[in-house]
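J.: all I have is the shape, not the residue letters:
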């Protein structure tokens, strides 16, 4: 058509920093699988440890189940939010903050002196 021109849209090449190859790809894969493994391991360990925790804190098994319920409710509620934050600020940053928070919360839960402190930590660990 006269007067109109069709411009070819140049193909953009992906940024070099975004392409993972070789060692970087395997390191990324190892970090993601390690994080996933830690969450699953933590959940399993708490379930196995319920009788010991019941004896240690002298509370009913029903009360202890709230630790697991609170943990699962908080982590399930925060997954969509943290996913959106990761899209905005970067997955690596959010992953590192999440792993650090998870590790600190697990350590504090392990040394909690009372059941009340353990319950507070299980909820605030993910906020």
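T.: Alright, I've got the coordinates. Since the structure is predicted, the reported quantities are computational estimates derived from the model, not experimental observations. Residues are numbered from 1 along each chain as shown.
J.: show me where pLDDT drops low in the protein?
T.: Within the chain, the stretches with pLDDT under 70 are 1-20, 120-127.
J.: could you pull out the helices for it?
T.: Under the criterion DSSP state H, helices of the chain are mapped to 22-57, 61-89, 91-110, 115-124.
J.: show me what the third one is packed against.
T.: When contacts are defined as 3 or more C-beta pairs under 8 Å, 6 or more residues apart in numbering; DSSP states H and E, helix 91-110 packs onto helix 22-57, helix 61-89, helix 115-124. For every residue, glycine as well, the C-beta is placed using N, CA and C.
J.: pick the most buried one from these.
T.: Comparing these by mean neighbour count (mean count of other C-beta atoms under 10 Å), helix 115-124 comes out on top with a mean of 17.
J.: which stretch among the helices and strands packed on helix 91-110 comes nearest residue 100?
T.: Across the helices and strands packed on helix 91-110, residue 100 has its closest neighbour in helix 22-57 (11.2 Å, C-beta to C-beta).
J.: how far does that closest one sit from the chain's center?
T.: Averaging C-alpha positions (C-alpha atoms, centre = their mean, to the nearest Å) puts helix 22-57 10 Å from its chain's average.
J.: what's the angle from that helix to helix 61-89?
T.: Orientation of helix 22-57 against helix 61-89 (axes from the mean of the first three to the mean of the last three C-alpha atoms, to 10 degrees) gives an angle of 150 degrees.
J.: list the contacts for residue 59?
T.: Applying C-beta atoms under 8 Å, 6 or more residues apart in numbering, one finds that residue 59 lies in contact with 53, 115.
J.: same thing but 10 Å
T.: For residue 59, the contact set (C-beta atoms under 10 Å, 6 or more residues apart in numbering) comprises 53, 66, 67, 114, 115, 116, 118, 119.
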